[in-house]
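What follows is a predicted structure for the sequence shown.
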Amino acid sequence: MKKAMLAMLALALGTVPALAQDVTIRFGYGLNEESTQGEGARFLAKEIDRLSEGRLKMDTFGGGTLGPDLQMQNALIGGAQEMMVGSTATLVGLIPDFGVWDVPFLFANEKEADHVLDGPAGQALLETLDAQGLVGLVYWENGFRNLTNSVRPIATAEDLAGIKLRVMQNPVFLDTFAATGASPIPLAFSELFTALEMRTVDGQENPVTTIQSSRFFEVQKYLTITNHVYSPWIVLASKSWWDGLSAADQEVIRQAAVASRDFEREYSRAASSKAVEALKAEGMEVTVMTPEELAKVAAMADPVISKVTGALSPEVWNAVQASLAEVRTA
Ligand SMILES: O=C(O)C(=O)C[C@H](O)[C@H](O)CO
């Protein structure tokens, strides 16, 4: 009788623990805590706590304390870390089709980016991550990228010639800037500030919100507004960890991730609208590249754009084109 009672109790407990267990999530990101990434991470942590009534706890680790994006991606694949937000550019080594988001001048504005990223094209790419041991949840906004440097104002396409320009560890960025006559140097974000300060590189390109939050104005005199490519961030989870969660916990994290996406984009756009004036106030000399000069840059990059888009899976490129046409004719 006692044994039967114990068996019944174990059985009852067997079903309960999975639901009741507290879960701690280590969430890493590369930018500092003052950045739009930091704001998004804190919002996501609060939303997961709220939706799980405190059972799921997310600890956030900013400033690259858990390593640069590539290292964190590998930690997720190995199950040594639960979640992160980072660049899609460093996923191209795993899944070349993610290079579609690095194609210069693909999006003309944030509305197009949201529509395509949150539409069939963006979602289909997220699903390709499963096979790599990652779960792609949502896209946050890094933003439209612009140039900074410490050598000279860059106003024309020709002004790029010979500039030692740090780029992300990504073939599309490398080839694009090589085609403009600059000297692209791939480097992890975590090493960028020191490289600019030590002048091992002359310049870099990032959204104005990142230039501001990372205080690049302390080591860069010239800012050129080019908006040459829109960079998304991607919120990822470790698949091995994710598969161990209950369906209820997965749903909580999915819902919180979608809410964090909308929050972070809104926050990023508000911050972006104020950043250029703030950077001028910090002493940066700002040049807005004219449409004529941007067209020259695009023409220089055209062979790279054809090569990159030609190498994409047709279903990916066609889905992006169809989504773009949709939003442009809406
Ligand atoms: O490395 C860059 O320039 C990026 O835009 C990448 C991201 O900001 C990255 O997520 C920082 O870790």
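Yes, it's here. Please read these numbers as outputs of a predicted model, since none were measured by experiment. Numbering: from 1, shown residues only.

Was I right to think Glu34 contacts Ser213?
Yes - counting by Cβ atoms under 8 Å, a contact exists between Glu34 and Ser213, whose distance comes to 5.0 Å. Where C-beta positions appear, they are placed from N, C-alpha and C, glycine not excepted.

Neighbour count: the two, which is higher?
Neighbours per residue (other Cβ atoms under 10 Å) separate Glu34 from Ser213, with Ser213 holding more: 21 against 14.

What is the neighbour count of the closest residue to the more buried one other than its chain neighbours?
Leaving aside its sequence neighbours, Ser213 sits nearest to Ser35 (Cβ to Cβ, 6 or more residues apart in numbering; 3.9 Å). For Ser35, the neighbour count with other Cβ under 10 Å is 22.

Spit out the contact partners of Ser35.
Residues near Ser35 by Cβ atoms under 8 Å, 6 or more residues apart in numbering: 62, 209-210, 213-214.

which of the residues you listed tops the neighbour count?
Going by other Cβ under 10 Å, Thr210 tops the contacts of Ser35 with 28 neighbours.

ok, now how distant is it from Leu126?
In this view, Thr210 and Leu126 are 23 Å apart by Cβ to Cβ, to the nearest Å.

can you map out the helices along the stretch 201-330 of the chain?
Applying DSSP state H, counting those that start in this stretch to the stretch 201-330 of the chain gives helices spanning 208-213, 239-242, 247-281, 291-311, 314-329.

deepest of those, which one?
helix 208-213 (a mean of 25; mean count of other Cβ atoms under 10 Å).

tell me the mean pLDDT over it?
Per-region confidence: helix 208-213 scores 98 on mean pLDDT.

Identify all contacting residues around it.
31-32, 34-36, 38, 142-143, 146, 148, 216-217, 220, 223, 225, 268, 271-272, 275-276, 278-279, 282.

How many residues are close by the residue in the chain that the ligand sits nearest to?
Nearest residue of the chain to the ligand, counting by Cβ to the nearest ligand atom: Gly30, 1.8 Å away. Gly30 has 28 neighbours, counted by other Cβ under 10 Å.

My guess is it contacts Phe61. True?
No - judged on Cβ under 8 Å, Gly30 makes no contact with Phe61 at a distance of 10.1 Å.

In contact with the residue of the chain closest to the ligand, which residues?
Counting by Cβ under 8 Å, 6+ apart, the residues that Gly30 touches are 37, 62-64, 68-69, 72, 86-87, 189-190.

near the ligand, which of these show up?
Near the ligand, judged by Cβ under 6 Å from any ligand atom, the entries from the contacts of Gly30 are 69, 86-87, 189.

Now Pro207: closest residue in space, sequence neighbours ignored.
According to Cβ to Cβ, 6+ apart, the nearest residue to Pro207 is Gly143 (3.1 Å).

which parts of the stretch 1-150 of the chain sit against the ligand?
So far as Cβ under 6 Å from any ligand atom goes, the stretch 1-150 of the chain lies against the ligand at 30-31, 69, 86-87, 142.

three-state assignment of Val138?
Here Val138 is recorded as strand under DSSP: H, G, I helix; E, B strand; the rest coil.

Just grab the bridge partners of it for me.
Val235 (DSSP bridges).

my read: it touches Ala257, true?
Yes - in this structure Val138 lies within contact range of Ala257 using Cβ under 8 Å: 4.7 Å.

residues bridging contact with those two, i.e. touching both?
What both Val138 and Ala257 touch, as defined by Cβ under 8 Å, 6+ apart, is the set Val235.
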